[in-house]
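J.: sequence and predicted structure, then a few things I'm wondering about:
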Amino acid sequence: MPPSPGADVALAAQTLPDDIQDVLRRLPDEYRAAIVMCDVVGLSYQEISDSLDVPVGSVRSRIHRGRALLRKALA
């Protein structure tokens, strides 16, 4: 079961600068959850895969695409 969007946003709010938090909030849930679980919480791709109940390849894609969206929004 994926984490609720409120939980990942709350965790990110404790550890990330305001500009990054704002961009994260605007990301689609699937990208935001994968990025926060990887880059903020520090879970492995396999742990994220298990948590979200999606293949590891999907986790990699979501993180890659989400990071690209973050870079674009912060540029």
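T.: Cool, the structure landed.

J.: now do the helices in the protein.
T.: Assigned by DSSP state H, the helices in the chain fall at 5-15, 18-26, 29-35, 45-52, 56-74.

J.: just flag whichever of those has the lowest average confidence.
T.: Sorting the helices of the chain by mean pLDDT places helix 5-15 lowest, at a mean of 59.

J.: hmm, back to that, now the helices of the chain in a markdown table, with mean neighbour count?
T.: (C-beta placed from N, C-alpha, C; glycine too.) What follows is the helices of the chain, written out as a markdown table (neighbours: other Cβ atoms under 10 Å):
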| stretch | mean neighbour count |
| --- | --- |
| helix 5-15 | 13 |
| helix 18-26 | 14 |
| helix 29-35 | 21 |
| helix 45-52 | 16 |
| helix 56-74 | 15 |
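
J.: can you give me every residue that contacts D18?
T.: Under the criterion of Cβ atoms under 8 Å, 6 or more residues apart in numbering, the contact list for D18 is empty.

J.: could you shift the numbering so residue one becomes 14, and keep it that way?
T.: Sure thing, new numbering starts at 14, so read that last one as D31.

J.: measure it to L82 for me?
T.: Distance, D31 to L82, using Cβ to Cβ, to the nearest Å: 18 Å.

J.: now Y58
T.: In terms of Cβ to Cβ, Y58 sits 19 Å off from L82.

J.: go on, I61?
T.: From I61 to L82 the distance is 17 Å (Cβ to Cβ).

J.: same check on R38?
T.: Distance from R38 to L82, by Cβ to Cβ: 12 Å.

J.: got it, and R39?
T.: Distance, R39 to L82, using Cβ to Cβ: 9 Å.

J.: how about Q34?
T.: Taking Cβ to Cβ, one finds Q34 at 14 Å from L82.

J.: do the same with A46
T.: Separation of A46 from L82 (Cβ to Cβ) stands at 14 Å.

J.: for L56, same thing?
T.: With Cβ to Cβ as the criterion, L56 and L82 are 20 Å apart.

J.: now do D35
T.: 13 Å.

J.: repeat for V67
T.: 18 Å.

J.: again, but for S57
T.: S57 is 22 Å from L82, where distance means Cβ to Cβ.
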